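> please work out how this folds:
(one chain, ligands or ions: 2)
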Amino acid sequence: MQVFRYSGPEFSPYETDREPEVDEGFWVAPTAAAPVSAELSLPGSKSLTNRELVLSALATGPSILRLPLHSRDSALMVEALRSLGTTISEVPNDEPFGPDLEIVPQAFTGGVSVDCGLAGTVMRFLPPLAALATGPVTFDGDEGARRRPMRTTIESLRALGVDVDDDGRSALPFSLHGTGEVEGGEVSIDASASSQFVSGLLLSAPRFANGLTLRHTGEKLPSLPHIEMTIDALASRGVTVSSPETGVWVVPPGPIAAREVTIEPDLSNAAPFLAAALVAGGRVSIRHWPHDTTQVGDDLLDLLPLWGATVTRDGDTVTIDGGDGLLGGGSLPGVDVDLSRGGELAPALVALAALASGPSTITGIAHLRGHETDRLAALVAEINGLGGRATELDDGIRLEPSPLHAGKWKTYGDHRMAHAAAIIGLAVPDVELDDVRVVSKTLPEFVALWDDLLGRTVTTSPADTSLLGFL
Ligand SMILES: O=C(O)C1=C[C@@H](OP(=O)(O)O)[C@@H](O)[C@H](O)C1
Ligand SMILES: C=C(OP(=O)(O)O)C(=O)O
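Ligands and ions are numbered 1, 2, ... in the order given. From the prediction side, this is the model:
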């Protein structure tokens with residue numbers, strides 16, 4: 001496998017080293033010429049890596065992250081923590097996806113600007129931590145990041161006594177003025193637009209003088225497994241978060257322990273690879289699939305059988321068998337599925353539904369309008385641009401069966417829009433992505449791994465990972 005670095009100021013801090021087929025990001029998704037038969041390893045989870053980076057910076061001593069993700073979102077988190085004073089260094093390993101990281105906490109200093117890029121985890125997890133710094137910290141990001149919901153982060157910090165200056169925007173850019181401590185106490189928030197508002201507060205709350213009692217007042221709360229992941233990561237560092245009733249979390253003040261932690265592979269990023277078995281036919285295996293995980297990508301093992309997949313597990317390798325697949329003469333059924341637990345799985349699963357021979361309704365995903373782009377509008381527009389019949393619902397997307405044809409596909413800065421196009425492109429020739437470099441947000445190796453999946457790739461040696469040296 002060859003490791004790519006993508007360039008382009010909006011998308012990535014990496015240096016240029018592109019393959020010709022991703023020239024300036026233009027990429028024609030390859031069709032599957034035969035059933036797939038692939039066994040892949042995937043890089044680390046974005047959600048786990050960025051939580052563990054934050055907790056390591058807040059901890060009482062040095063931590064080591066084994067097999068962390070190296071992508072734009074994790075690089076932005078590393079750079080932000082470094083600018084706030086944390087020492088983060090690379091520790092070489094023999095693995096293909098980049099070095100381990102050692103994090104040595106230091107007192108947080110202000111007078112810095114944090115670039116959030118388009119990373120929800122950076123823009124929602126770091127402001128509560130930055131409130132513990134001495135001095136002003138400014139947050140900004142990509143143009144698309146300025147459209148993402150931030151009101152709840154800003155208002156909750158104000159409710160905790162933090163001085164935040166947002167010029168009335170309730171969005172990026174904004175500044176806060178850290179005094180070195182946060183009183184903490186009780187706060188009520190509406191987290192219906194993103195679970196990350198809850199996670200961001202819980203992560204730093206042990207360092208608040210009085211801890212935190214957090215109450216969610218909105219009607220719905222998306223992405224519950226991601227909140228479980230936050231509580232689990234805190235528990236592994238000696239902080240017990242209790243939940244006396246649904247939508248209420250109590251975090252006691254106290255030390256956050258240092259630890260050595262191995263980051264699980266990103267199971268949400270497994271979605272396009274596993275879905276490929278259903279389209280091309282054949283089998284796709286993912287190595288190192290955890291037996292017990294808070295990652296919502298684990299739900300794929302229950303979701304993909306709705307489209308006809310068979311799931312088997314051999315040790316820590318999980319295999320999805322797509323049988324003959326769509327291209328081998330099979331068909332994909334229509335499905336009705338609520339993805340409120342795992343909205344980040346929606347683009348890949350909507351792509352499968354767009355290839356189905358029956359109608360599908362994917363619901364529980366209204367909050368995806370505030371993701372990297374308005375994902376409901378983007379998926380509907382791009383699927384219909386290829387001849388599909390998708391309609392936006394209040395809470396999701398409805399898809400009627402329709403033959404798809406060649407055409408252009410816009411990625412809107414959204415890595416998962418690229419994943420969705422790649423799935424459709426397996427069955428539909430000449431799906432042309434305007435910019436596949438967006439994959440660098442969480443999986444810079446996407447194109448190389450996709451080529452591996454389709455048996456189109458050269459091999460790599462661990463030395464190639466030096467190409468990832470952007471930290
Ligand atoms: O906490 C996290 O790591 C995440 C939470 C979810 O956010 P939302 O609740 O905003 O969907 C998820 O979609 C995102 O990809 C990662
Ligand atoms: C919603 C996502 O990302 P973020 O962490 O930027 O919210 C995602 O990866 O699907």
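
> can we go C-alpha only for contacts and neighbour counts from here?
Will do.

> can you give me the end-to-end distance of stretch 274-292?
With Cα to Cα, to the nearest Å as the measure, stretch 274-292 spans 19 Å from end to end.

> so, low pLDDT: which residues of the protein?
For the chain, the stretches flagged by pLDDT under 70 are 1-23, 457-471.

> most remote residue from it's center?
No residue in the chain sits farther from the centre than Gly329, which is 33.4 Å out by Cα atoms, centre = their mean.

> which bits of the stretch 301-450 of the chain sit near ligand 2?
For the stretch 301-450 of the chain, the residues in contact with ligand 2 (Cα under 6 Å from any ligand atom) are 344, 371-372.

> ok, Gly238 touching Pro253?
No - checked against Cα atoms under 8 Å, the pair Gly238 and Pro253 is beyond contact range at 11.2 Å.

> higher neighbour count, those two?
The neighbour comparison of Gly238 against Pro253 (other Cα atoms under 10 Å) goes to Pro253, with 19 against 14.

> phi, psi of the more buried one?
With angles defined as degrees, to the nearest 10, Pro253 sits at phi -70, psi 150.

> repeat for Asp298
According to degrees, to the nearest 10, Asp298 has phi -60, psi -30.

> which residues are in contact with it?
267-268 (Cα atoms under 8 Å, 6 or more residues apart in numbering).

> how far away is it from Asp266?
Distance from Asp298 to Asp266, by Cα to Cα: 10 Å.

> burial of Gly25, as a residue count?
Neighbours of Gly25 (other Cα under 10 Å): 20.

> excluding its backbone neighbours, what's nearest it?
Nearest residue to Gly25, sequence neighbours excluded (Cα to Cα, 6 or more residues apart in numbering): Asp435, at 4.0 Å.

> what is the nearest of the residues of the stretch 301-450 of the chain next to ligand 2 to ligand 1?
For these, the closest approach to ligand 1 (Cα to the nearest ligand atom) belongs to Glu344, at 4.6 Å.

> and that closest one, how many neighbours does it have?
With other Cα under 10 Å as criterion, Glu344 counts 21.

> which ones are touching the closest residue to it other than its chain neighbours?
Spatial nearest neighbour of Glu344, chain neighbours left out: Ser268 (7.0 Å); criterion: Cα to Cα, 6+ apart. Counting by Cα under 8 Å, 6+ apart, Ser268 makes contact with 295-298, 344-345.

> who in this protein is up against ligand 1?
Applying Cα under 6 Å from any ligand atom, we find that the chain lies next to ligand 1 at 47, 121, 194-196, 222-223, 226, 343-344.

> and the gap between the residue farthest from the centre of the chain and Ser89?
Gly329 sits 51 Å away from Ser89, taking Cα to Cα as the criterion.

> what do you get for Ala366?
39 Å.

> between those two, point out the one with more neighbours.
Comparing Ala366 with Ser89 by other Cα under 10 Å, the one with more neighbours is Ala366, at 21 against 16.
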